[in-house]
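> structure of the sequence below:
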Amino acid sequence: MFVIIGFTACKKSPEKMLVGKWKLFEISMPTAIDEAAKKDLFEKVTFTFMENKNYDIVGLKEGGTQGTWEISEDGKSITSKSSDGEVDISTITEISEEKLMMTQGDTKMGFKKIE
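Numbers count the residues shown, from 1 in each chain. You can find the predicted model right below:
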């Protein structure tokens, strides 16, 4: 009984697991995207979620995107607000210490933690 309690007490919350730098490795969207464009995205796109609730996205827009983020109490969605006021809500379909899978509208994205 103590072993089970010990393991569940040590498991990190989704919020703690989210903090770090993530590299895009998978993307699926309703509009066609060719393999060369996917490869380019996989090489360039990173999402960094910081403990202070700021984020930095590199590789999607010129100059990157910065803003703030928060995760829902149930750990199933991320609300981000960019520095220019754009608000996005992404649904977390899977999160672990090494992998983050989420959807935003009809777009599905997979990330691997690199830092």
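
> please make it C-alpha for all contacts and neighbour counts, starting now.
Will do.

> how far off centre is the helix or strand residue 56 falls within?
Assigned by DSSP states H and E, residue 56 falls within strand 54-58. A distance of 10 Å separates the C-alpha centroid of strand 54-58 from that of its chain, computed with C-alpha atoms, centre = their mean, to the nearest Å.

> adjacent strands (with direction) for it?
Sheet partners assigned to strand 54-58 using DSSP bridges are listed as strand 46-49 (antiparallel), strand 65-71 (antiparallel).

> contacts for that strand, please.
With contacts defined as C-alpha atoms under 8 Å, 6 or more residues apart in numbering, strand 54-58 is touched by 44, 45, 46, 47, 48, 49, 64, 65, 66, 67, 68, 69.

> quick one: buried ones out of those residues?
The neighbour-count test (16 or more other C-alpha atoms under 10 Å) marks 45, 46, 47, 48, 49, 65, 66, 67, 68, 69 as buried among the contacts of strand 54-58.

> quick one: residue 66 from residue 85, how far?
10 Å (C-alpha to C-alpha, to the nearest Å).

> ok, residue 94 next?
Relative to residue 85, and taking C-alpha to C-alpha, residue 94 is found at 27 Å.

> follow-up on the earlier one: CSV for the contacts of strand 54-58, including pLDDT and distance to residue 31?
Shown next, in CSV, are those (pLDDT from 0 to 100; distance: C-alpha to C-alpha, whole Å):
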residue, pLDDT, distance to residue 31
44, 95, 20
45, 96, 19
46, 97, 21
47, 97, 22
48, 98, 26
49, 98, 27
64, 92, 23
65, 95, 22
66, 97, 25
67, 98, 27
68, 98, 28
69, 98, 27
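
> and the residue nearest to residue 76 when sequence neighbours are not counted, what element?
Sequence neighbours aside, residue 92 is the residue nearest to residue 76 in space, at 4.9 Å (criterion: C-alpha to C-alpha, 6 or more residues apart in numbering). Residue 92 belongs to strand 87-95 when elements are defined using DSSP H and E.

> much appreciated, bye for now.
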